[in-house]
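**Q** return atomic coordinates for the entry below.
(4 chains)
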Protein chains: 2
Amino acid sequence: MLGAARELLAEAGLRGLTMRALARSLDVAPNALYSHVPGKDELVDALLDEHLGAVENPPVDAADPLAAVARMMTSTYDVLLAAPDLVPLYLARRGARGPNAQALGAHMDALLARAGVDPAAIPGARITLIVHAIGFASFDEPRAVFATSLGWLLTGIARGEESLT
Amino acid sequence: MLGAARELLAEAGLRGLTMRALARSLDVAPNALYSHVPGKDELVDALLDEHLGAVENPPVDAADPLAAVARMMTSTYDVLLAAPDLVPLYLARRGARGPNAQALGAHMDALLARAGVDPAAIPGARITLIVHAIGFASFDEPRAVFATSLGWLLTGIARGEESLT
DNA sequence: CAATATAACTGGACAGTGTACAGTTCGACA
DNA sequence: TGTCGAACTGTACACTGTCCAGTTATATTG
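**A** Numbering: from 1, shown residues only, chains lettered A, B, ... in the order given. From the prediction side, this is the model:
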């Protein structure tokens, strides 16, 4: 069912992802879906988290942890862009909260800690990086702009400055 | 009509902002609205741009242009949060493109230029800052996290680094 | 094997959505 | 006074997500 939903999204786009169309593609009555999933929101959530499985997880003990974070976020960005129709859904659902999303978050926290980021600042840094990746994927700017701004962000995070307010 | 739409949004939320409800609040048949606006998207666009009129425009010749950018973005963030129901719409419509949005963009470009940012990097920096503000407003994190990460971003932008990829 | 519990399905419906079409009312202006 | 055009109405279409009651098929028991 998740697979059919993914296919449907790829073929018919965000607008085409409807319970009825999904049921049609499974040769089933629309309400039969509700035996497998409580509602469309939950289906979408599952779709979002599953998709995050493709994000690259660099080793936690990488030589340069900050570069590893950069690789991770770039991979996230690429994965998001690989299914552009999914991006508005990440926004509408405020990210993903399934097992894949949580594993990625934990992984990133570990890398940030190893990069010497103040522990108290880690959650904020994680959120910032996630918002940054999803936001950029949403506004689909050229990839170079994303890379540049990711560099800006990591520079700032690494130096731990926070005046200017 | 825009006013009624704004009120309706405030009272009934994002979900309650429907053409039919808007028509009802104006004591008019639903399709009468289409004499004034081509469709719901355009109505929403107008709503979004109008709302940006509340963003603070610091003087372009401020002593510290980078601090002025920070003030501008903080004000944007506050304005966005003042109408949380509008935020998902900014995302869905990929920002605003009306006169207010354009004026703000031009203003920011001028400030970034005065702050010594490489002219070629200005559009990217502008987009980055906008994505950052809208993204944070969307994920509604504590305000302090926004401020901190804005500091990170501006630090990076000002130093013009872009390695790490 | 037969009986039963349970998961998966169906038909039909409800209340809503944005919007198109054709036709009417009405105020402003020549 | 006559005409024009904007603003409106009634009706309708093709959708949406989801609920309810009832049916079928499958799996698990006695």
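
**Q** pLDDT value on A:T155, please?
**A** With respect to pLDDT, A:T155 scores 88.

**Q** test my guess that it contacts B:I157.
**A** No. At 9.2 Å, A:T155 does not count as touching B:I157 under the criterion of Cβ atoms under 8 Å. Just so you know, the C-beta spots here come from the backbone N, C-alpha and C atoms, and that holds for glycine as well.

**Q** neighbour count winner among these two?
**A** Between A:T155 and B:I157, counted using other Cβ atoms under 10 Å in any protein chain shown, the more crowded position is B:I157 (28 against 23).

**Q** please state the offset of the helix or strand that that one is a member of from the chain centre?
**A** Taking DSSP states H and E as the criterion, B:I157 maps to helix B:143-159. With Cα atoms, centre = their mean, to the nearest Å as the basis, helix B:143-159 stands 18 Å off its chain's centre.

**Q** spell out which parts of chain A neighbour DNA strand D.
**A** Taking Cβ under 7 Å from any atom of the strand as the contact definition, chain A meets DNA strand D at A:17-21, A:30-31, A:34, A:39-41.

**Q** of these, which are in range of chain B?
**A** Restricting the residues of chain A next to DNA strand D to those touching chain B (Cβ under 8 Å from any Cβ of the partner chain) yields no residues.

**Q** restrict those to contacts with DNA strand C.
**A** Answer for the residues of chain A next to DNA strand D near DNA strand C (Cβ under 7 Å from any atom of the strand): A:30-31.

**Q** got the end-to-end distance for stretch A:49-56?
**A** In stretch A:49-56, first residue to last residue: 14 Å (Cα to Cα, to the nearest Å).

**Q** residues contacting that stretch, please?
**A** Stretch A:49-56 is contacted by residues A:2, A:6, A:71-72, A:75-76, A:79, A:82-83, A:86, A:96-101, A:104 when judged by Cβ atoms under 8 Å, 6 or more residues apart in numbering or on different chains.

**Q** hey, C-alpha coordinates of the helix holding B:I157 in PDB?
**A** Provided in PDB are the C-alpha atoms of helix B:143-159 (Å, rounded to 0.1, in the frame of the first residue of the first chain):
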ATOM      1  CA  ARG B 143      12.200  32.600  19.600                       C
ATOM      2  CA  ALA B 144      15.600  32.300  21.100                       C
ATOM      3  CA  VAL B 145      16.500  29.400  18.800                       C
ATOM      4  CA  PHE B 146      15.500  31.600  15.800                       C
ATOM      5  CA  ALA B 147      17.700  34.500  17.100                       C
ATOM      6  CA  THR B 148      20.700  32.200  17.600                       C
ATOM      7  CA  SER B 149      20.500  30.600  14.300                       C
ATOM      8  CA  LEU B 150      20.000  33.900  12.600                       C
ATOM      9  CA  GLY B 151      23.200  34.900  14.200                       C
ATOM     10  CA  TRP B 152      24.900  31.900  12.900                       C
ATOM     11  CA  LEU B 153      23.700  32.500   9.400                       C
ATOM     12  CA  LEU B 154      24.700  36.200   9.400                       C
ATOM     13  CA  THR B 155      28.100  35.300  10.700                       C
ATOM     14  CA  GLY B 156      28.600  32.900   7.900                       C
ATOM     15  CA  ILE B 157      27.200  35.300   5.300                       C
ATOM     16  CA  ALA B 158      29.400  38.200   6.500                       C
ATOM     17  CA  ARG B 159      32.600  36.100   6.500                       C
END
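
**Q** wait, does it contact chain A?
**A** Yes. Helix B:143-159 reaches chain A (Cβ under 8 Å from any Cβ) through B:144-145, B:147-157, B:159.

**Q** about what we covered before: can you flag which of the contacts of stretch A:49-56 belong to helices?
**A** A:2, A:6, A:71-72, A:75-76, A:79, A:82, A:99-101, A:104 (DSSP state H).

**Q** if any of these are buried, give me the ChimeraX selection for them.
**A** With 16 or more other Cβ atoms under 10 Å in any protein chain shown as the criterion, this ChimeraX line picks the buried residues out of the ones in helices among the contacts of stretch A:49-56:
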select /A:6,71,72,75,76,79,100,101,104
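
**Q** for the ones in helices among the contacts of stretch A:49-56, which two are the farthest from each other?
**A** Using Cβ to Cβ, the pair of the ones in helices among the contacts of stretch A:49-56 lying farthest apart is A:L2 and A:R71, separated by 27.4 Å.

**Q** hmm, back to that, highest neighbour count among the residues of helix B:143-159 next to chain A?
**A** If you count neighbours using other Cβ under 10 Å, the busiest of the residues of helix B:143-159 next to chain A is B:I157, which has 28 neighbours.

**Q** what sits against that one?
**A** Listed by Cβ under 8 Å, 6+ apart, the contact set of B:I157 reads A:152, B:112, B:117, B:121, B:125, B:128-129.

**Q** is it true that A:L48 touches A:A92?
**A** No. Here A:L48 does not reach A:A92: they are 9.8 Å apart, not a contact under Cβ under 8 Å.

**Q** the more surrounded of the two?
**A** A:L48 (22 against 14).

**Q** so which bits of chain A are right by DNA strand C?
**A** Checking chain A against DNA strand C by Cβ under 7 Å from any atom of the strand, the hits are A:23, A:27-32, A:35-36.
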